[in-house]
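Visitor: generate coordinates for the sequence data below:
(2 chains)
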Protein chains: 2
Amino acid sequence: MVIINDGDGKGKTTAAIGQAIRSIGQGLRVKIIQLIKNGSSGEIKILQQLKIAVEQYGLGFTSKGDKSQHKISALKGVAAIKNSIDSGQFDMIICDEINYAVSGGLIEEKTVIDLIEQANRSNVHLILTGRGATDRMIESADIVTRMTKIKHAFDKGIKAQAGIEF
Amino acid sequence: MVIINDGDGKGKTTAAIGQAIRSIGQGLRVKIIQLIKNGSSGEIKILQQLKIAVEQYGLGFTSKGDKSQHKISALKGVAAIKNSIDSGQFDMIICDEINYAVSGGLIEEKTVIDLIEQANRSNVHLILTGRGATDRMIESADIVTRMTKIKHAFDKGIKAQAGIEF
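Guide: Predicted coordinates for the structure are as follows:
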């Protein structure tokens, strides 16, 4: 099963984290691989406590720093996803921000399509999050949800809060 | 902060669960109160393991059974939310399926507006999930995301799977 959480609204990553919690409750073995992100969001500590592997291959905001360095990090993340699928040790791999890595030009659409095909052959569930999944990615997925921002406190100038946004 | 997860797509409850995980990682005290639902989804076991209180006040599908019984259960859930806000023991209360309890005619819109006002006065975060939040509920919230189904495996006749839908 390939699940995509796309859109400009809040909930793409938290839905993937919630999915991880649900899945381990059903005995699935879950790994989380985050591209782009490199921060310490509140969930990381709890996921580690639950023995859910979380790996980060990101340098933070892609608008900052050298794009070629961001690309190298993203490709390391892709390699980690490939290896994790091949390892046979996981039933579900969450590829956080991978859609944004494609729409932001860090990795190719075809790279993700290849991951999807590899996961399908191996019976591994993939969750792909982030803004900007391509039509071909959406076609290749089984469940696609668009999280649309209807309103957000940021628009009123309220800053990101611990426990809410991170 | 009042957060609404609405729409016909997958991710409303899982995003709330992921939010709970993030929030406890930041030291917030979280309680989950589910209306309508009465099943044992995979996440419940893990949430209990994490000492996150989960209470269910539901009788399952509202299309089945006596509507007045569903209303009574939903009102018990509302009372539990009120008491939980008043208790001072929680920083965040997830009111799962409460939007659907309103759109499905089990509770009044005003009941939810009153809960929002009570929570704001008490500095308690509320997360309201489910389909059918009203305009007034959306106006009263700080962050609103609409989870829209772009596609779902159900449409191809694939059945709900453990670890994915429950």
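Visitor: going forward, measure contacts and count neighbours with C-alpha atoms only.
Guide: Will do.
Visitor: just give me the residue right at the centre of chain A.
Guide: In chain A, the residue lying closest to the centroid (Cα atoms, centre = their mean) is residue A:96, at 1.1 Å.
Visitor: that residue against residue A:20, yeah?
Guide: No. Counting by Cα atoms under 8 Å, residue A:20 is not a contact partner of residue A:96; they are 11.9 Å apart.
Visitor: low-confidence ranges, chain A, go.
Guide: By pLDDT under 70, chain A has no low-scoring segment.
Visitor: who touches the biggest helix by length in it?
Guide: Longest helix in chain A by number of residues (criterion: DSSP state H): helix A:67-87. Applying Cα atoms under 8 Å, 6 or more residues apart in numbering or on different chains, the external contacts of helix A:67-87 come out as A:33-36, A:56-59, A:62, A:90, A:93, A:95, A:101, A:106-107, A:115, A:118-119, A:122, A:124.
Visitor: which of those residues fall within helices?
Guide: A:101, A:115, A:118-119.
Visitor: quick one: distance of stretch A:31-41 to the chain centre.
Guide: Its chain's C-alpha centre and that of stretch A:31-41 lie 8 Å apart, by Cα atoms, centre = their mean, to the nearest Å.
Visitor: the longest strand along chain A close to chain B?
Guide: Determined from DSSP state E, the single longest strand within chain A is strand A:143-151. Yes. For strand A:143-151 and chain B, the contact criterion (Cα under 8 Å from any Cα of the partner chain) is met by A:143-151.
Visitor: output that strand as PDB, nothing but the C-alphas.
Guide: C-alpha atoms of strand A:143-151 as PDB (Å, rounded to 0.1, in the frame of the first residue of the first chain):
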ATOM      1  CA  ILE A 143      -4.400   6.300  -1.000                       C
ATOM      2  CA  VAL A 144      -3.900  10.000  -1.600                       C
ATOM      3  CA  THR A 145      -5.000  12.700   0.700                       C
ATOM      4  CA  ARG A 146      -4.700  16.400   0.100                       C
ATOM      5  CA  MET A 147      -4.300  18.400   3.300                       C
ATOM      6  CA  THR A 148      -5.600  21.900   2.500                       C
ATOM      7  CA  LYS A 149      -5.100  24.900   4.700                       C
ATOM      8  CA  ILE A 150      -8.400  26.500   5.400                       C
ATOM      9  CA  LYS A 151      -6.800  28.700   8.000                       C
END
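Visitor: now do that strand against strand B:143-151, angle only.
Guide: When axes from the mean of the first three to the mean of the last three Cα atoms, to 10 degrees is applied, the directions of strand A:143-151 and strand B:143-151 differ by 150 degrees.
Visitor: other SSEs contacting strand A:143-151?
Guide: Strand A:143-151 sits against strand A:2-6, strand B:143-151, with contacts defined as 3 or more Cα pairs under 8 Å, 6 or more residues apart in numbering or on different chains; DSSP states H and E.
Visitor: tell me the angle the first one makes with strand B:143-151.
Guide: The reference is to strand A:2-6. 140 degrees.
Visitor: look at residue A:127 and tell me its secondary structure.
Guide: The three-state assignment at residue A:127 reads strand, by DSSP: H, G, I helix; E, B strand; the rest coil.
Visitor: hmm, it is touching residue A:97, no?
Guide: No. Using Cα under 8 Å, residue A:127 makes no contact with residue A:97, being 10.0 Å away.
Visitor: where do the contact lists of those two overlap?
Guide: With Cα under 8 Å, 6+ apart applied, the contact sets of residue A:127 and residue A:97 do not overlap.
Visitor: sheet-wise, list the partners of the longest strand of chain A with their directions.
Guide: strand A:2-6 (parallel), strand B:143-151 (antiparallel) (DSSP bridges).
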